[in-house]
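>>> Quick one, structure for this:
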Amino acid sequence: MAVALQMDYDAVRVRQAARSVKDGSQARRLLSIAAVYEGKPWSEAASLGGMDRQTLRDWIHRFNAEGTDGMANRKASGAPRKLTAAQMSELARIVETVPDVGRDGVVRWQRVGLRDVIERRFGVAYHERSVSRLLHELGFSHMSVRPHHPKQDAEAVETYKNGFAQALPTESRPCRTGPGSSSGGRMNAPWPEKRNGAPVGTHGHTTAPITRPMLPQCLSVRRHLPRRPRKSSCSTVLPTPPMS
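All right, here's what the predicted structure looks like:
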């Protein structure tokens, strides 16, 4: 027996709704229902929406109950949560507490450790990715910190830090003031007031020109190339013996 359609709609209104929606599946279902309003056979109306007659019958039941909005796909609710609200609150308290090395076997919480704690206390087995989802729902985020050894002496650490700071040299390394650096780049010149103690003008320039000695340029030689013998700049001329 065919299912009767509700009288609040007709073929024209259903087709207008199909043109206004953005979901393609919803539009195809509405076109199939509009074909039923026009009196077409159910097999033909079902083929317009890419379905069979039984599926069209189910969609007509939902259309009569919810209208055109009921033709859209519903989001699946998914599997229910394995932990209760009280267990989730207890898990949040565990994460905020520093773990005990003797009891928990770790110095900081990680997903693997929390997975074992959840299974041991609540009897629920979770995957590491599922533990990340639970922590995200509780408002926690991933943070990687420096590990802290349980037998670390805080006083010894502070003493080492203070001694290391005192051992640093107080004077900085002098900068090279030559025209160029060993890497080929040009070094920054010193400030005008530091050039040989000469007075500085009103515009930040020295009153007298300063001549800086030119340093010899050293050319770097690649070690994998064979070295050529050096030719002497001067040659010694030996005297010719007299002819007898």
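
>>> Low-confidence bits of the chain, can you list those?
Scanning the chain with the threshold set as pLDDT under 70 gives 1-2, 144-145, 147, 164-244.

>>> how many neighbours does the spatially closest residue to Ser25 that is not a sequence neighbour have?
Closest residue to Ser25 apart from its sequence neighbours, by C-beta to C-beta, 6 or more residues apart in numbering: Asn73 at 6.2 Å. The C-beta positions use only the backbone N, C-alpha and C, and glycine is treated the same way. The number of residues packed near Asn73 is 9, by other C-beta atoms under 10 Å.

>>> list the buried ones in stretch 12-19?
Val14, Arg15, Ala17, Ala18 (16 or more other C-beta atoms under 10 Å).

>>> What is the nearest of those residues to Ile94?
Within the buried residues of stretch 12-19, proximity to Ile94 (C-beta to C-beta) peaks at Ala17, which comes in at 51.7 Å.

>>> my read: the closest one touches Thr68, true?
Yes. Assessed by C-beta atoms under 8 Å, Ala17 is found in contact with Thr68 at 4.3 Å.

>>> hey, what's in contact with both of the two?
Leu30 (C-beta atoms under 8 Å, 6 or more residues apart in numbering).

>>> domains of this protein?
Recorded structural domains for the chain (assignment: automatic domain parsing) are 11-71, 85-137.

>>> The shortest one: end-to-end distance?
The first residue of domain 85-137 is 12 Å away from its last residue (C-alpha to C-alpha, to the nearest Å).

>>> follow-up on the earlier one: out of the domains of the chain, which comes closest to Lys151?
domain 85-137 (9.8 Å).

>>> Can you give me the neighbour number for Phe63?
24.

>>> Assign it to helix, strand or coil.
helix (DSSP: H, G, I helix; E, B strand; the rest coil).

>>> now it: how far from Ala45?
According to C-beta to C-beta, to the nearest Å, Phe63 and Ala45 sit 12 Å apart.

>>> intersection of neighbour lists for these two?
Joint contacts of Phe63 and Ala45 (C-beta under 8 Å, 6+ apart) are Ile33.

>>> And the residue nearest to Ser25, which helix or strand is it part of?
Asn73 is part of no helix or strand when elements are defined by DSSP states H and E.

>>> May I have the residues that are in contact with it?
For Asn73, the contacting residues are Asp23, Ser25, Gln26, by C-beta under 8 Å, 6+ apart.

>>> Could you report the distance from it to Ala156?
On the measure of C-beta to C-beta, Asn73 and Ala156 end up 64 Å apart.

>>> what does Asp23 give?
67 Å.

>>> likewise Ala86?
Ala86 is 43 Å from Ala156, by C-beta to C-beta.

>>> same deal with Arg15?
Distance from Arg15 to Ala156, by C-beta to C-beta: 82 Å.

>>> go on, Val106?
Val106 is 24 Å from Ala156, by C-beta to C-beta.

>>> Would you format the buried residues of stretch 12-19 as JSON lines with distance to Leu91 and secondary structure included?
Shown next, in JSON lines, are the buried residues of stretch 12-19 (distance: C-beta to C-beta, whole Å; DSSP: H, G, I helix; E, B strand; the rest coil):
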{"residue": "Val14", "distance to Leu91": "50", "secondary structure": "helix"}
{"residue": "Arg15", "distance to Leu91": "53", "secondary structure": "helix"}
{"residue": "Ala17", "distance to Leu91": "46", "secondary structure": "helix"}
{"residue": "Ala18", "distance to Leu91": "48", "secondary structure": "helix"}
